[in-house]
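Enquirer: Sequence and predicted model, in that order:
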Amino acid sequence: MHWLDSAPSREIDPVLDCLTFLARRADRPSSPVLLRAGLALSVTGTLPFHQVEPALEQVGMRGEPVVRKRVAGWRLQQLPAILELSDERAVVLLEMKSGDALVYAPGTAEPFWVPATDLDSAFTGQAIAVEVDPTQERAGERPWDKLRRSHWFWSEVWKVRREFWPVLLAALIVNLLALAVPLFTMNVYDRVIPNKAVPTLWVLAIGVAIALVFDFILRLARAQLVDEIGRRLDAKYSQKLFEKVMNLPMAERQGSTGAFAKRVSEYEGVRDFFASTSVVLVVDISFMLIFLVLIAVLAGPLVFVPIIGIATMIGVGLILQRRMAGAAVDAQADSSLQHSVLVESIAGIETLKAARAEGQMLGRWRRYASMSASTQEKLRRVSSVATNLASICQQAISVGLVIGGFYLFNSGDITMGAIIAIVMLAGRAMAPIGQFAYLLTRAKQSTTTLSSLQQMMEATDERQVAARSIVPEIHAGHVELKNAAFRYPGASTDSLSALDLKIEPGERIAVIGRVASGKSTLGRMLCGLYAPTNGEMLIDGLDSRQYHPHQLRDAFRYVGQDAEVFSGTVRDNLLLGAAKADDQQLMDSVVRSGADIFLSRDAAGFDRPVGERGSLLSGGQRSLLVLARALVTPSKLLFLDEPTGAMDTQTELYFIEKLKTAQAPGQALVVATHRHNMLSICDRLIVIDGGRIVADGPRQDVLSKLAGAARKDASE
């Protein structure tokens, strides 16, 4: 049992290794890159157990959670399964036979038999039964079945559908208990008062008190159940949305950051409406019919009074809802604009103050706030009309029932207590209809938001490449562009055009050119942040689209001139994308990048706070830190975009000396720069102008040609 007693190796990801084994066994894509692409990882960089199901979905498989206390007696229908063990370990359970289990353990070559009792000591009770998803290849699937299986919102609601039954049952009993007070009142007026039956009064009162206590308890229980379902759905939706945000290709990111963030955050309102409000509303409307039937039993034709009132309120609600619909769309757009200004202003407050632009931004905020307030006022005004009409309609129904009850009472067809009871029952029946216009507005807002989010969720996802059966590895890192071009989404012209370029492993290349000539865009395209819009980019002879974007960005590192430093410490930033790196790797990256020039003199060292967006570091220190981050793990190509732009001459020279030794054997180094000193470390020079390569060759040859062209232009 040594395999169970030993701690997992740092190089092994237990859950990912189990998933790879099962995917290979089921003849599904089994690349670890595909299985973990775009999923949340633990602090140690391993795949956590709760990500097993989404990882399986990425390769056409599915999992069903299994909760058991012991491994012994495992059902054959739930095999194979991934078992969660203590200390973040996992194994694959393949077969059970005579008290023994056939398991696959991460890091082992083949499955082996062990006593099931040995697994019980480490088994946490959580497991995932795994199978190939037949719906991935199913043709002619019914729309509803496809919707509940794959829709990001409704599929989660469908999974918890059974948990809504207690909520519906509680709502049912609450509505039944609502009959207690009207019936109590009717009996008191009809039987207790005429007969002065005091004991009967108290018996009825005790019964009503018990009903009210149960009503209170059930309402609390219902609210708690709805909150629990909402909490679980909230965790699922927030995870799905953030995963989508993280995996959207750069070309799909349109609009401002603030508006985009606002749109993503609005899912909570959608969840609240469809997962809680609508459930209770369905039960209340169903019981409205029961209340009307009871009114008909007690007062006969008087039931038409609340029916006419309900029809009137529904008609008014539908008319007002049309006016609310447009206002709801406008309110969402105005709110996004306002949120966008807020986010941009907070992020760029230093720039605004330096440019003395606070007044202009305040003016923009005032305009958007005024637009938002105007649309919100329109919504409130229409909602107020609906609420007041509902109130008047309810009072008119009460008056109508009393008047009609008077005539029926005179003819002996109804009692005094029945009149009071039907008035109370009508009020209870009208309660959900009184919110009809408001609920229609909420429904419109929720569907509008859901439609907006759905557009984002249906956008191209980098993880969709997982459908491929084979994902090649990047070995040497040869890069070749053939007539490649790129145009940013929404742009009218190409940023790069007709590029023919080869980059061999180990080369040192400098890219120079005017501002906006396409140097940064070239780096982004080479490193997989964008794909060519025309032409080809070949990696080791294969089209770059055959590789997973995560593979490209792991092999080809892009360090932008405006690369972000995130809140936390120096260590936190170094570990971004390299969570498994050990202390020695971090130390080596800092020394090779030259970041030790400021870290060595700081008592906090790697625990030094960097502030929000690196506000506690100078521009040069941020540049050194992002370079160190790119050097923590090996890569085939390193593209540096203006790495010394924020450095003084002395620091730049120190950086250049460090960079000469930072390049690993076989690693290509490409530097886009305006600084002449940076050219000294490069053997090859590329000149870009207007998105095209106008010169490419040995450094000295290209510099000589540029100098000659400059002298010629000066003489003319």
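Expert: Received, thanks. Numbering: from 1, shown residues only.
Enquirer: mind listing the helices for the stretch 601-716 of the chain?
Expert: Taking DSSP state H, counting those that start in this stretch, the helices of the stretch 601-716 of the chain run over residues 619-631, 649-662, 699-715.
Enquirer: Among the ones you listed, show me which one is buried the most.
Expert: Greatest average neighbour count among these goes to helix 619-631 (a mean of 24), per mean count of other CB atoms under 10 Å. To be clear about C-beta, it is placed using only N, CA and C from the backbone, and glycine gets the same treatment.
Enquirer: Report all helices and strands that that helix contacts.
Expert: Contact analysis of helix 619-631 by 3 or more CB pairs under 8 Å, 6 or more residues apart in numbering; DSSP states H and E lists strand 556-559, helix 570-574, helix 583-593, helix 596-599, strand 637-641, helix 649-662 as its packing neighbours.
Enquirer: Can you lay out the helices of the stretch 601-716 of the chain as TSV showing mean pLDDT and distance to residue 426?
Expert: Listed next are the helices of the stretch 601-716 of the chain as TSV, based on pLDDT from 0 to 100; distance: least, CB to CB, whole Å:
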stretch	mean pLDDT	distance to residue 426
helix 619-631	83	69
helix 649-662	81	81
helix 699-715	75	90
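Enquirer: Which strands or helices does the helix or strand that residue 228 is a member of pack on?
Expert: Assessed by DSSP states H and E, residue 228 sits inside helix 198-247. For helix 198-247, the elements it packs on are helix 154-159, helix 164-177, helix 180-187, helix 257-265, helix 267-272, helix 278-299, helix 436-457, judged by 3+ CB pairs under 8 Å, 6+ apart.
Enquirer: Quick one: closest of those helices to residue 51.
Expert: When those are compared by CB to CB, helix 154-159 sits nearest residue 51, at 15.6 Å.
Enquirer: can you tell me the average pLDDT over the helix holding residue 228?
Expert: What helix 198-247 shows for mean pLDDT is 80.
Enquirer: what angle do that helix and helix 164-177 make?
Expert: Helix 198-247 and helix 164-177 are oriented at 150 degrees to each other (axes from the mean of the first three to the mean of the last three CA atoms, to 10 degrees).
Enquirer: Next, the angle helix 278-299 makes with helix 198-247.
Expert: Put simply, helix 198-247 runs at 150 degrees to helix 278-299, going by the same axes, to 10 degrees.
Enquirer: can you list the domain ranges for the chain.
Expert: With automatic domain parsing as the criterion, the domains of the chain are listed as 2-138, 155-457, 479-715.
Enquirer: Distance to residue 472 for those - can I get that in CSV?
Expert: Converted to CSV, these look like this (distance: least, CB to CB, whole Å):
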stretch, distance to residue 472
domain 2-138, 9
domain 155-457, 20
domain 479-715, 6
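Enquirer: can you name the farthest residue from the center of the protein?
Expert: Distance to the chain centre peaks in the chain at residue 195, reaching 67.0 Å (criterion: CA atoms, centre = their mean).
Enquirer: weakest of the helices and strands packed on helix 198-247 by average pLDDT?
Expert: Mean pLDDT is lowest for helix 257-265 among these, at a mean of 63.
Enquirer: if we can go back for a sec, could the helices and strands packed on helix 198-247 be laid out in TSV, adding distance to residue 571 and mean neighbour count?
Expert: Listed next are the helices and strands packed on helix 198-247 as TSV, based on distance: least, CB to CB, whole Å; neighbours: other CB atoms under 10 Å:
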stretch	distance to residue 571	mean neighbour count
helix 154-159	36	16
helix 164-177	46	17
helix 180-187	64	19
helix 257-265	27	17
helix 267-272	33	18
helix 278-299	47	18
helix 436-457	34	19
